[in-house]
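Enquirer: The sequence and its predicted three-dimensional model are supplied below.
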Amino acid sequence: MLKGKTTVIIGGTTGIGASTVRLFAENRANVVFAGRKKAEGDALEKECTEKYPEACVRFYQMDVSVEEEVKAMAAYVEKEFGGCDVLFNNAGIHLAGRILETPPADFDKIMSIDCRGVYLACYYFMPMMLKKQYGTIINMSSVSGICADYSMAAYNTAKGAVTNLTRAIAIDYADQGIRCNAICPGAVRTEMLEYTFRKIDYAERVNREAYPTHTFATPEEIAEVALFLAARKVDFLNGVNLPVDGGITCHTGQPHY
């Protein structure tokens, strides 16, 4: 499906990102994935290189909140791979708190990664797509980018911005061959979620009861959605913020009797 195509995954060393690196490598893509954690990145590159010899997988250590590092990675990808066909903006952090519990410094931190990082990656990688008159951008948003969650003022703001940036890119560049869609997951069984469950003893039960499915997504499921959005088979799919949420955004919030 992606043989010979170059995919850039920002935030690829753990969780959803790592699962996506593996799945795209399995589909014989060239994968360049970025993250701040060198040990995890090197280990994943080695794993995929050994397991998927038909794919070319490279780790690039980078902080998406630092503009010069994003710019340098884009230059590396263009030099080594001749351009970028698929960009998956997956880097993100999560900070809880209502607005008066979120100092401006914390707000700036989450915006610099979850929102500005997406903007920077698009800004520096899209010119390669324009040269080919083709490219696919997949942004990681959230159900929190569709409707607000309690006590997550900064995160809601960042993901809401990503949701609308996705629409903006979709309409501005569709006539130049670029598609842009976003994935909006609900609760995904990543290390970040597991940490919350360990920290708050009732969190898993409350979250499970909130979802109509009474289950959580896995990173592998979200990776499959990214693969679907990356495929040339769905070129008319553009500007969509796709909920992958077990149906929770269909719910009015009224109790189930």
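Expert: Great, that's in hand.

Enquirer: on contacts alone, who are the packing partners of the lowest-mean-pLDDT helix or strand in the chain?
Expert: The least trusted helix or strand in the chain, going by mean pLDDT, DSSP states H and E, turns out to be helix 191-199, with a mean of 78. With contacts defined as 3 or more Cβ pairs under 8 Å, 6 or more residues apart in numbering; DSSP states H and E, helix 191-199 has these neighbours: helix 203-210. Where C-beta positions appear, they are placed from N, C-alpha and C, glycine not excepted.

Enquirer: hey, C-alpha coordinates of the least confident helix or strand of the chain in CSV?
Expert: The C-alpha trace of helix 191-199 is given here as CSV (Å, rounded to 0.1, in the frame of the first residue of the first chain):
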residue,chain,number,x,y,z
GLU,A,191,1.5,4.5,29.0
MET,A,192,0.1,8.0,29.5
LEU,A,193,-3.4,6.6,30.2
GLU,A,194,-2.0,3.8,32.4
TYR,A,195,-0.1,6.4,34.4
THR,A,196,-3.4,8.2,35.1
PHE,A,197,-5.1,5.0,36.2
ARG,A,198,-2.2,4.2,38.6
LYS,A,199,-2.3,7.7,40.0
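
Enquirer: What are the contacting residues of that helix?
Expert: Helix 191-199 is contacted by residues Thr14, Gly15, His94, Ala187, Ala203, Glu204, Phe216 when judged by Cβ atoms under 8 Å, 6 or more residues apart in numbering.

Enquirer: for the third one, helix, strand, or coil?
Expert: By that I understand His94. At His94 the chain is in coil, as set by DSSP: H, G, I helix; E, B strand; the rest coil.

Enquirer: can you pull the contacts of it?
Expert: His94 neighbours (Cβ under 8 Å, 6+ apart): Ile110, Met152, Tyr155, Met192.

Enquirer: Show the buried residues in these.
Expert: Using 16 or more other Cβ atoms under 10 Å as the burial test, the contacts of His94 include Ile110, Met152, Tyr155 as buried.
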